[in-house]
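In: Okay, here's the prediction I keep looking at, along with the sequence it came from:
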Amino acid sequence: MLHAIDLFCGAGGLSRGFMDAGVDIILGVDNDKAALKTFEKNHGNAIGMNADLSKQETFDKIQEIAESSGRSIDLVIGGPPCQGFSLTGPRNFDDPRNKLYLAVFAMVKQYKPKGFLIENVPGMATLYEGQIKEEILKRFRSMGYNVECKILTAADYGVPQMRKRLVFMGIREDIGFPAFPKAKVDEEHYVTCREAIDDLPPRTEELGQEQDEYIMEPRSDYQKMMRKDCTILWNHVATDHKQFVKDTIALVPEGGNWKDLPKGVGESRTFHEAWTRYHGDKPSRTIDTGHRNHFHYQYNRVPTIRENARLQSFPDDFVFLGTRTQQNRQVGNAVPPLLGKALAEKMISIIEG
Ligand SMILES: C[S@@+](CC[C@H](N)C(=O)[O-])C[C@H]1O[C@@H](n2cnc3c(N)ncnc32)[C@H](O)[C@@H]1O
């Protein structure tokens, strides 16, 4: 069994995917307390460490925990935020604004894991005309890793969502070469929003509770997979919208957005994603951290946490803790567990042959 640490773990979408593929998660590190509570609740005995990854003392603490666990660090995984990324001069990656990324280099350098995996927004591939991406590849290669990166689409791996992510995979030179998992689903068979969530109570009459009951059996293979043996419906609470929000979204057809509204309606929001209603027969747009611009394909409300969690492929027994705002952030920030699982399975097959 391979053992991993997850840097910038958040609620642990990436970790959950690795765990479901059979990887032992030793530790997740983040500085968001609510996300760490969710992480610990859903990852067996994994420790959630509340620490700032831009500080040296955090590395000392990680080392202490890793040593006392008695397990080797075989994999380093993580999704460092790349806001404010900067390349001020030729190859000046050491700019302090990049320090969160530098944390990942430092961990790989220190532990020399068998492999590593880093996830980021696709836009990072073209930032500074690709110089950042090239610099990352170069640095890891100079540390003795074969490294590749690729933009992957979550829907290709059975996630009901058109989420794209840039993934760097590195395998230690003495072990082998990275390779990305092949798509498991072709475009015509992408899992749709309806297949993902139409067994969940509508929440049009009542808002529901954090811990509630299902009202019907699963209706699709995807729903069966998500529900598995789960008997409690967690985190399925609707937002109590103002009447004008309900009236406005009622005018948007399935798959439409603000451009479909009559003149004079909903004009307070007219940017690209505003008043977007999902299409029941397609995967969803990228789940965000709760900007309230995406609406249910059928009901006149934003999706609940559980609906968004389903669209992110979190199984129903994955419980989100914290306030609704914190839960939204945890779901929207996450790597879809099914995508994480496909990547983990590929890495395991490369490393264990
Ligand atoms: C994109 S999210 C990671 C999501 C996670 N990989 C998942 O799949 O659920 C980035 C995370 O970095 C954390 N973060 C940001 N700055 C940090 C810092 N200085 N130290 C530790 N964590 C930090 C945020 O709290 C957030 O949870």
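Out: Done, it's in. Residues are numbered from 1 along each chain as shown.
In: how long is stretch 306-321 end to end?
Out: Using CA to CA, to the nearest Å, the span of stretch 306-321 from its first residue to its last is 12 Å.
In: Same check on stretch 316-331?
Out: Using CA to CA, the two ends of stretch 316-331 sit 13 Å apart.
In: who's in contact with it?
Out: Contacts to stretch 316-331, defined as CB atoms under 8 Å, 6 or more residues apart in numbering, come from residues 10-11, 16, 32, 34-35, 37-38, 41-42, 226-230, 233-235, 237, 239, 287, 289-290, 305-306, 308-310, 312, 314, 337. C-beta: built from backbone N, CA, C; applies to glycine.
In: quick one: secondary structure of Ser54?
Out: coil (DSSP: H, G, I helix; E, B strand; the rest coil).
In: quick one: which of the contacts of stretch 316-331 sit in strands?
Out: If you go by DSSP state E, the contacts of stretch 316-331 have 233-234 in strands.
In: out of the contacts of stretch 316-331, which are buried?
Out: Buried residues within the contacts of stretch 316-331, counting neighbours by 16 or more other CB atoms under 10 Å: 10-11, 16, 32, 34-35, 37-38, 42, 226-227, 233-235, 237, 287, 290, 305-306, 308-310, 312, 314, 337.
In: now the helix or strand hosting Gly332, how far from the centre of its chain.
Out: Remark: Gly332 resides in helix 324-333, with elements defined by DSSP states H and E. Distance of helix 324-333 from its chain centroid, counting by CA atoms, centre = their mean, to the nearest Å, is 11 Å.
In: and that helix, is it in reach of the ligand?
Out: Yes. Applying CB under 6 Å from any ligand atom, one finds helix 324-333 touching the ligand at Asn333.
In: list the buried ones in that helix?
Out: Buried-residue list, helix 324-333, by 16+ other CB under 10 Å: 326-333.
In: if we take the residues you listed, which one ends up nearest to Ile350?
Out: Asn333 (27.1 Å; CB to CB).
In: quick one: Arg306 and His236 touch, right?
Out: Yes. Assessed by CB atoms under 8 Å, Arg306 is found in contact with His236 at 4.0 Å.
In: Which neighbours do those two have in common?
Out: Contact criterion CB under 8 Å, 6+ apart; residues shared by Arg306 and His236: Leu200.
In: Check the gap between Arg285 and Tyr278 for me.
Out: 7 Å (CB to CB, to the nearest Å).
In: Can you tell me the element Lys346 falls in?
Out: helix 337-352.
In: Please state the offset of that helix from the chain centre?
Out: So, by CA atoms, centre = their mean, the centroid of helix 337-352 is 15 Å from its chain's centroid.
In: near the ligand, which residues of this structure?
Out: 8-14, 30-32, 35, 52-54, 79, 81, 100, 333-335.
In: ok, of those, which come out buried?
Out: 8-14, 30, 32, 35, 53, 79, 100, 333-335.
In: Counting neighbours, go ahead and name the busier of Arg285 and Tyr278.
Out: Tyr278 (27 against 18; other CB atoms under 10 Å).
In: Can you name the residues that contact the more buried one?
Out: Here Tyr278 is in contact with 193, 254-255, 284-285, 294-297, 303 (CB under 8 Å, 6+ apart).
In: JSON lines for those, including secondary structure, distance to Lys138 and pLDDT?
Out: Output for the contacts of Tyr278, formatted as JSON lines (DSSP: H, G, I helix; E, B strand; the rest coil; distance: CB to CB, whole Å; pLDDT from 0 to 100):
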{"residue": "Cys193", "secondary structure": "helix", "distance to Lys138": "41", "pLDDT": "98"}
{"residue": "Glu254", "secondary structure": "coil", "distance to Lys138": "46", "pLDDT": "97"}
{"residue": "Gly255", "secondary structure": "coil", "distance to Lys138": "43", "pLDDT": "96"}
{"residue": "Ser284", "secondary structure": "strand", "distance to Lys138": "36", "pLDDT": "97"}
{"residue": "Arg285", "secondary structure": "coil", "distance to Lys138": "34", "pLDDT": "94"}
{"residue": "His294", "secondary structure": "strand", "distance to Lys138": "38", "pLDDT": "95"}
{"residue": "Phe295", "secondary structure": "strand", "distance to Lys138": "44", "pLDDT": "97"}
{"residue": "His296", "secondary structure": "coil", "distance to Lys138": "45", "pLDDT": "98"}
{"residue": "Tyr297", "secondary structure": "coil", "distance to Lys138": "44", "pLDDT": "98"}
{"residue": "Pro303", "secondary structure": "coil", "distance to Lys138": "41", "pLDDT": "97"}
